[in-house]
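>>> Make a model of this:
(2 chains)
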Number of protein chains: 2
Amino acid sequence: MTEPGNRRPGGRSARVRRAVLDATLDLLHTHGMDGLTVADVSARAEVHETTIYRRWGTRENLMIDALLEDAEESLPIPDTGSLRDDLIGYLTSLAVYLGTPRGNDFDRALAAAGDDPAASAARNHYWNTRYARSGHIITRAIDRGELPDTTDPRQTVEMLVAPLHFKVVLTREPLDPNLPARLVDTLLHGIAATQPAPMTTTRTTGISESMRP
Amino acid sequence: MTEPGNRRPGGRSARVRRAVLDATLDLLHTHGMDGLTVADVSARAEVHETTIYRRWGTRENLMIDALLEDAEESLPIPDTGSLRDDLIGYLTSLAVYLGTPRGNDFDRALAAAGDDPAASAARNHYWNTRYARSGHIITRAIDRGELPDTTDPRQTVEMLVAPLHFKVVLTREPLDPNLPARLVDTLLHGIAATQPAPMTTTRTTGISESMRP
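Predicted coordinates:
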C-alpha cells in the first residue's frame, strides 16, 4: 500500500511474490516443512529476508500461502450447473493433484506439521480457505434446489475429500480413477436408499413404531 | 508350535507376548515409530531380542502387531442387530480412541511411517485386518436385508472413518461427539435424498422430466 505503483498485476510486487512462493514450493518439496528456512527461500528467490518477513510475517504463513497458491492452481472449482458433475470434477482434480509426487508430498507434509500456535493458525487458515472455495459447489447447489438448505457445505465436502486424503496419508492406496464418481454417487443417494421398501420383516417394526404416541 | 504346553491362554508364551506388546506400545508412544528399536523393547519387556525376532520377524511386524492389538481392544465391533446403531457405536469408539493422546499419537505415527517394503507390507496387514473386522458390520447388515448385496464393505467403512482420521491427522479439529451420528445418517440416507419432492420451483422441472417418453 505504500508503493501503489508496484501493486498492479505483473508489476515488481507480483514478480517478487511469485519468485518467493515458487522458491518456497521447491524447497518444501525437497526439504519438507521442518527443513524449510526463510534464509534458503531468500537465497533461492533472490529476495531480501526482510522483504519476506515484512510481507509474510512468519515462516509458517509463508509455507501455507505457497501451499494454498499451489492448491488453488491445481484445484479449480467447477461450475457446470450440476452438483454431481461439479463434485466429480473437483474430486478428480484432487485425486490427480494428490497423485503427483508434489501434491502427495505436500499432503504428507501437512500431516507431519507441528502444533505450535504459529503452525496451528497457519494450518487453520489453509483448511478454512480450501473449504471456503470448495463449499461454493454446495451453496450453488442449494441455491438451485438440488440440495436442502440445511446441508452443511463443510461436512459435505469433507465426506468426499477425506477418503482421498486418508488413502494418500494413512493407508497409502492408489487412487482409482473411478473413485470420485463412486464417492459422489454414494453420498448423493445414500447406501440405504432402497430402504423405504425393505425386503425383510423390519417393515412391520417401522409401522408399529410410527404408530406409537 | 514347537512348545505346545506354552500356547495355552495365560501360559508363559501369552505372558511373553503381552509383555513385548505392552513394551512396544509404551515405547511407540514415547519415541514414535522411527525411534523404536527392538533392543529397547527387549530391555523394557525383559525378553531376549532373539525371542522377539523369532516370533515377529521384523521391527515393523512387531509395531503393527502391537498397534493392531491396541486398536482391537479399543474398538470392539458392535452387533446390536441395527446397522445404524452398530455404525454409530463403532465410530464413537473410534472417535474416543483417536481423542486419547495414545490413539492420536498412533494415528499420526502411522501417517508418518515410511514406504520401504517391510513398512508397506506391515501397513497393508494393519489396515486389511482393521477393515476385515469392521466390515462385519456391513456384511451382517447385507445378510439382514438392510443394505443391497452390492454394497462394498470397505468403501462404506472408509467413508465413515476417513473424516475422523482426516480431522486428527490433517485439519487437527476436535471430534464433536455428535459427528458419528451425523456421518452415519448422511451416508445411510444421502444428501440428495429429499430430491423426489424438492421445495423449490425445480419441482416443475421434475414433473415435466418424468413425463418425457
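
>>> Report the buried residues of the longest helix belonging to chain A.
For chain A, the longest helix by residue count, based on DSSP state H, is helix A:117-143. Taking 16 or more other Cβ atoms under 10 Å in any protein chain shown as the neighbour-count basis, helix A:117-143 is seen to contain the buried residues A:119, A:122-123, A:126-127, A:130-131, A:133-138, A:140-142. All C-beta atoms are positioned from the backbone trio N, CA, C, and that covers glycine.

>>> ok, then the element right after it?
Along the chain past helix A:117-143, the next helix or strand (assigned with DSSP states H and E) turns out to be helix A:153-166.

>>> got the buried residues for that next one?
Taking 16+ other Cβ under 10 Å as the criterion, helix A:153-166 shows A:153, A:155-166 as buried.

>>> Kindly identify which of those residues also come near chain B.
The residues of the buried residues of helix A:153-166 that also fall near chain B, by Cβ under 8 Å from any Cβ of the partner chain, are A:155-156, A:158-159, A:161-163, A:165-166.

>>> Pick the one among the residues you listed closest to residue B:42.
Within the set of these, residue A:166 lies nearest residue B:42; the separation is 34.0 Å, counting by Cβ to Cβ.

>>> Let me know the pLDDT of the nearest residue to the closest one once chain neighbours are set aside.
Setting aside the residues directly before and after it, residue A:166 is nearest to residue B:162 in space (Cβ to Cβ, 6 or more residues apart in numbering or on different chains), at 3.9 Å. We note a pLDDT of 98 for residue B:162 in this prediction.

>>> which residues touch residue B:162?
Contacts here follow Cβ atoms under 8 Å, 6 or more residues apart in numbering or on different chains; on that basis residue B:162 touches A:159, A:162-163, A:165-166.

>>> how about 6 Å then?
Under the criterion of Cβ atoms under 6 Å, 6 or more residues apart in numbering or on different chains, the contact partners of residue B:162 comprise A:162-163, A:166.

>>> So it versus residue B:91, what's the distance?
From residue B:162 over to residue B:91 the distance is 11 Å, taken as Cβ to Cβ, to the nearest Å.

>>> next one: residue A:26
From residue A:26 over to residue B:91 the distance is 40 Å, taken as Cβ to Cβ.

>>> which of those two has more neighbours?
Using other Cβ atoms under 10 Å in any protein chain shown as the criterion, residue A:26 and residue B:91 rank with residue B:91 on top: 24 against 16.

>>> Give me the nearest residue to that one, chain neighbours excluded.
Skipping the residues right next to it in sequence, residue B:91 comes nearest to residue B:180 by Cβ to Cβ, 6+ apart, at 3.5 Å.

>>> Just the element for the one you found, please.
Counting by DSSP H and E, the element that carries residue B:180 is helix B:179-189.

>>> Which elements pack onto that helix?
Contacts defined by 3 or more Cβ pairs under 6 Å, 6 or more residues apart in numbering or on different chains; DSSP states H and E place helix B:179-189 against helix B:83-99.

>>> Show me what the helix it packs on is packed against.
By 3+ Cβ pairs under 6 Å, 6+ apart, helix B:83-99 packs against helix B:101-112, helix B:153-166, helix B:179-189.

>>> Comparing the ones you listed, which yields the minimum mean pLDDT?
Going by mean pLDDT, the lowest-scoring of these is helix B:101-112, which has a mean of 89.

>>> Buried residues in that one, which are they?
Applying a neighbour-count criterion of 16+ other Cβ under 10 Å, the buried positions in helix B:101-112 are B:103-104, B:106-111.

>>> May I have that helix exported as PDB, CA atoms only?
Output for helix B:101-112, consisting of C-alpha atoms alone and laid out as PDB, is shown next (Å, rounded to 0.1, in the frame of the first residue of the first chain):
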ATOM      1  CA  PRO B 101      -3.200 -38.900  23.500                       C
ATOM      2  CA  ARG B 102      -2.200 -42.500  22.700                       C
ATOM      3  CA  GLY B 103      -4.700 -43.100  19.900                       C
ATOM      4  CA  ASN B 104      -4.000 -39.700  18.500                       C
ATOM      5  CA  ASP B 105      -0.200 -40.300  18.500                       C
ATOM      6  CA  PHE B 106      -0.500 -43.700  16.900                       C
ATOM      7  CA  ASP B 107      -2.600 -42.400  14.100                       C
ATOM      8  CA  ARG B 108      -0.100 -39.600  13.400                       C
ATOM      9  CA  ALA B 109       2.700 -42.200  13.700                       C
ATOM     10  CA  LEU B 110       1.000 -44.300  11.000                       C
ATOM     11  CA  ALA B 111       0.800 -41.200   8.800                       C
ATOM     12  CA  ALA B 112       4.500 -40.600   9.200                       C
END
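
>>> Packing partners of that helix?
Taking 3+ Cβ pairs under 6 Å, 6+ apart as the contact definition, the neighbouring helices and strands of helix B:101-112 are helix B:12-35, helix B:83-99.

>>> Residue A:109 reaches residue A:33, doesn't it?
Yes. Residue A:109 is in contact with residue A:33 according to Cβ atoms under 6 Å; the separation is 4.7 Å.

>>> could the helices and strands packed on helix B:83-99 go into TSV alongside distance to residue B:20?
Rendered in TSV, the data for the helices and strands packed on helix B:83-99 read as follows (distance: least, Cβ to Cβ, whole Å):
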stretch	distance to residue B:20
helix B:101-112	17
helix B:153-166	27
helix B:179-189	33
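
>>> Would you mind saying which of these lies nearest residue A:83?
Relative to residue A:83, the nearest member of the helices and strands packed on helix B:83-99 by Cβ to Cβ is helix B:179-189, separated by 14.9 Å.

>>> ok and that closest one relative to helix A:153-166, angle-wise?
Per axes from the mean of the first three to the mean of the last three Cα atoms, to 10 degrees, the angle that helix B:179-189 makes with helix A:153-166 is 90 degrees.

>>> Can you tell me what sits against helix B:179-189?
Helix B:179-189 is touched from outside by A:190-192, B:84, B:87-88, B:91-92, B:159-160, with contacts defined as Cβ under 6 Å, 6+ apart.

>>> the inter-axis angle of it versus helix B:83-99?
For helix B:179-189 against helix B:83-99, the angle between stretch directions is 140 degrees (the same axes, to 10 degrees).

>>> Put the alpha carbons of helix B:179-189 into CSV.
Coordinates of the C-alpha atoms in helix B:179-189 are reproduced here as CSV (Å, rounded to 0.1, in the frame of the first residue of the first chain):
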residue,chain,number,x,y,z
LEU,B,179,-20.1,-36.4,14.5
PRO,B,180,-20.6,-40.2,14.4
ALA,B,181,-24.4,-40.0,14.2
ARG,B,182,-24.2,-37.1,11.6
LEU,B,183,-21.8,-39.1,9.4
VAL,B,184,-23.8,-42.3,9.6
ASP,B,185,-27.2,-40.7,8.9
THR,B,186,-25.8,-38.7,6.0
LEU,B,187,-24.3,-41.8,4.4
LEU,B,188,-27.3,-44.0,5.1
HIS,B,189,-29.8,-41.6,3.5
